[in-house]
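Novice: can you look at this prediction? I've put the sequence above it.
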Amino acid sequence: MKKEIQKLIQAAIKSSLGIDFELEKIKIDYPPEGMGDFATNVALVLGNVVGKNPMKVAEGIKGGIQSDSLHEIEIAKPGFMNFYLKDKPLQLVVVKINEEKNKFGNSEAGAGKKIHLDFVSANPTGPIHVGNARGGPLGDTLANVFEKTGYEPYREYYVNDTGNQTDILGHSVLGDSEAQYSGDYIQELNSKFKIQNSKLLEEKNARAIGEKAAEIVLDDIIKPSMEKFGIKFDNYFSEKKLQKSGRVDEVLNILKERGFIYEKDGAVWFKSTEFGDDKDRAVVKSNGEKTYFGADIAYHIEKIERGFEKLIDIWGADHHGEVTRTQGALKALEYENKLEVILTQFVRVLKNGKEMKMSKRAGTYVSVDDLIDEVGKDATRFFFLLHSADTHMNFDLDLAKEKSEKNPVYYVQYAHARISSILRKADDLKSDLRSVLRYELRKMHEKERVLIFELLKFPDLVEEVSQNYAVHYLPQYVMRLADKLHNFYEQCRVIDESDLETTAWRLEIIKAAQIVLAETLRLMGITAPSRM
């Protein structure tokens, strides 16, 4: 609906001022309740451009707008314009939702553009902790939004299954002086090696043990955790295979030919300072082994060569320093603006008001399995998605388990279940409600209007998230929708056998609300229960 208002304004600007004004520059907002359905400051912007009083500019725009959907256009000082919809377009929203069902909000905005999403991608050296896990629902939800808006997303987990971290894992399994990882899973790995790979233990080959242990961790711990979390990756991409393919050497040779690589102290360096980094970074160590950064450059080029037009990486905030150098390397290879990085901030898990202690199985941190076991998949995903990725968050276990309106996921799921309960009762009515449905002739109740207007926002919201990646808008939206549904239910009796026409119409409203509730939850990877 925002775009329709934008187009009306754009045409009116052309007719009243003779200016071809770009659609994207016409900002449409939702004003506070009671001040219209939509608002714009475009007259203030244009006033500065044409040197006229914004109030007069607004009057000119208003005079050029002709629409059957608008009840009123109000001009407020110093030049704001507030738009009020008639009831009919809102009533038609209900009809549209019930016809399109879960396809409501679908678009072709992405036009089949292929997007690669790399998220979670924790080292396969142990269970996934809550810090790495935060990017899981974010990446998975973003992929769902991309699918809904016509893109072709691809979910990939980059497996760092070689190098220093696998050496450390090997030493940890051996239990020697260089061990750094601890926890029950290390003892389990040691037991497996004693049974299956005793020769490697005898040889004390930390690298070989570490790489084999990483395979076990990936298959027996990480993949089951992701399945438990409701995340299905299209591929698990091996760094070890990338190294063996020779692709890393090829990419580094191209950078060398372009003058971005030099040798110093026996190592090979990339001139990352030329792209804003605080120092140049090694891509090959003095012992001839590729660094993680060297392999990472090749991995990103490999993704582009697979035909992905946009690369989105979701990393923990502790990797912030890698953003500039990685984007710099792509720029050096003439792939500027291909990569976008979303950084997730830290998570503290609270239980009884205190930070939760480390997991015995994980060793030094709270694992995502611990969290899901404690509160369930739905609550874990909802709470992770509730906050912007760039803000620190406290995960309150006690709140996540509470079965009351204080718990946002319970509140939203209860709204969906409440609708199911009403619809079950409606099934017992013997009357043919479809034959008495006359929504076009009705004067809407205030709470009907407020609820339907919230439903109307959904397509614009989905498209906005596909552009700005702010997936926290989805839980915030569905909480507002649930709130408006509960308010509607308290003020408007749905089933009234003495007024079947009103009953028929309000059942259509709650059916539409249930569709949007369920679809928003689906995008978030959260179930929509019919009973609670």
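Specialist: All right, it came through fine.
Novice: select the longest helix from this structure.
Specialist: Secondary structure of the chain per DSSP state H: the longest helix is helix 500-523.
Novice: output the contacting helices and strands for that helix.
Specialist: helix 87-100, helix 135-148, helix 408-427, helix 446-456, helix 458-468, helix 473-491 (3 or more CB pairs under 8 Å, 6 or more residues apart in numbering; DSSP states H and E). To be clear about C-beta, it is placed using only N, CA and C from the backbone, and glycine gets the same treatment.
Novice: turn those into TSV, including mean neighbour count and mean pLDDT.
Specialist: Formatted as TSV, the helices and strands packed on helix 500-523 follow (neighbours: other CB atoms under 10 Å; pLDDT from 0 to 100):
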stretch	mean neighbour count	mean pLDDT
helix 87-100	18	95
helix 135-148	24	98
helix 408-427	18	96
helix 446-456	20	96
helix 458-468	18	97
helix 473-491	19	97
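Novice: out of those, flag the one nearest L46.
Specialist: Evaluated over these, closeness to L46 peaks at helix 458-468, with 23.1 Å, by CB to CB.
Novice: chain center to the closest one, what's the gap?
Specialist: 11 Å (CA atoms, centre = their mean, to the nearest Å).
Novice: next: stretch 478-491.
Specialist: 24 Å.
Novice: flag the helix or strand of the protein with the lowest per-element mean pLDDT.
Specialist: helix 198-203 (a mean of 81; mean pLDDT, DSSP states H and E).
Novice: the longest helix of the chain versus helix 135-148: what angle between them?
Specialist: Helix 500-523 and helix 135-148 meet at an angle of 120 degrees, taking axes from the mean of the first three to the mean of the last three CA atoms, to 10 degrees as the criterion.
Novice: list the contacts for S121?
Specialist: S121 makes contact with 132, 157-160, according to CB atoms under 8 Å, 6 or more residues apart in numbering.
Novice: sort the residues you listed by pLDDT and name the bottom one.
Specialist: Lowest pLDDT of those: N132, 91.
Novice: and that one, how far from G36?
Specialist: Here N132 is placed at a distance of 44 Å from G36 (CB to CB, to the nearest Å).
Novice: so where's the stretch 301-450 of the chain uncertain?
Specialist: Scanning the stretch 301-450 of the chain for pLDDT under 70 picks out 441.
Novice: quick check: buried residues in the longest helix of the chain?
Specialist: Using 16 or more other CB atoms under 10 Å as the burial criterion, the residues of helix 500-523 that qualify are 500, 502-521, 523.
Novice: F488 against R449, yeah?
Specialist: No. Checked against CB atoms under 8 Å, the pair F488 and R449 is beyond contact range at 9.7 Å.
Novice: okay, strands next: where are they in the stretch 1-150 of the chain?
Specialist: Counting by DSSP state E, counting those that start in this stretch, the stretch 1-150 of the chain has strands at residues 28-29, 38-40, 70-76, 80-85, 114-118.
Novice: next, format those strands as a markdown table and append distance to I304 and mean pLDDT.
Specialist: Shown next, in a markdown table, are the strands of the stretch 1-150 of the chain (distance: least, CB to CB, whole Å; pLDDT from 0 to 100):
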| stretch | distance to I304 | mean pLDDT |
| --- | --- | --- |
| strand 28-29 | 35 | 96 |
| strand 38-40 | 39 | 97 |
| strand 70-76 | 46 | 95 |
| strand 80-85 | 43 | 96 |
| strand 114-118 | 8 | 98 |
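Novice: return the distance of stretch 381-391 from the chain's centre.
Specialist: On CA atoms, centre = their mean, the centre of stretch 381-391 falls 9 Å from that of its chain.
Novice: where along the stretch 101-250 of the chain do the helices fall?
Specialist: 130-133, 135-148, 164-174, 184-196, 198-203, 206-217, 223-228, 239-244, 247-257 (DSSP state H, counting those that start in this stretch).
Novice: lowest average pLDDT across these?
Specialist: helix 198-203 (a mean of 81).
Novice: elements contacting that one?
Specialist: Helix 198-203 is packed against helix 184-196, helix 206-217, with contacts defined by 3+ CB pairs under 8 Å, 6+ apart.
Novice: buried residues in it, which are they?
Specialist: Using 16+ other CB under 10 Å as the test for burial, helix 198-203 gives L200.
Novice: bridged to Y158, which residues?
Specialist: Assessed by DSSP bridges, Y158 has beta-bridge partners F237.
Novice: surely it touches F119?
Specialist: No. The criterion here is CB under 8 Å, and Y158 misses it with F119 at 9.3 Å.
Novice: neighbour-wise, which of these two wins?
Specialist: Under the neighbour definition other CB atoms under 10 Å, Y158 and F119 were set side by side, and F119 has more, 26 against 23.
Novice: now that one, nearest residue through space, not along the chain?
Specialist: Of all residues not flanking F119 in the chain, G139 sits nearest, at 3.0 Å (CB to CB, 6 or more residues apart in numbering).
Novice: again with P89
Specialist: Leaving aside its chain neighbours, P89 sits nearest to S69 (4.4 Å; criterion: CB to CB, 6+ apart).
Novice: can you give me the neighbour number for the one you found?
Specialist: S69: 15 neighbours (other CB under 10 Å).
Novice: residue contacts, it?
Specialist: By CB under 8 Å, 6+ apart, the contact list for S69 reads 4, 85-86, 88-89.
Novice: also R361?
Specialist: Contacts of R361 (CB under 8 Å, 6+ apart): 127, 183-185, 367, 369-370.
Novice: quick one: contacts for the closest residue to N235 other than its chain neighbours?
Specialist: Excluding its sequence neighbours, the residue lying closest to N235 (CB to CB, 6+ apart) is E156, at 4.9 Å. Residues near E156 by CB under 8 Å, 6+ apart: 116-118, 233-237, 303.
Novice: same deal with S404?
Specialist: S404 touches Y410, counting by CB under 8 Å, 6+ apart.
Novice: specify the local secondary structure of it.
Specialist: Classification of S404 by DSSP: H, G, I helix; E, B strand; the rest coil places it in coil.
Novice: any idea how far the most far-flung residue of the chain relative to its centre lies from D265?
Specialist: Using CA atoms, centre = their mean, the residue of the chain lying farthest from its centre is E202. It sits 46.9 Å away. Separation of E202 from D265 (CB to CB): 36 Å.
Novice: now do D176
Specialist: 29 Å.
Novice: E211 now?
Specialist: 28 Å.
Novice: have a look at those two and say which one is more surrounded.
Specialist: Taking other CB under 10 Å, E211 and D265 do not tie; E211 has more neighbours (20 against 7).
Novice: where do the domain boundaries of the chain fall?
Specialist: Domains of the chain are assigned by automatic domain parsing as 2-84, 91-108+405-523, 114-344.
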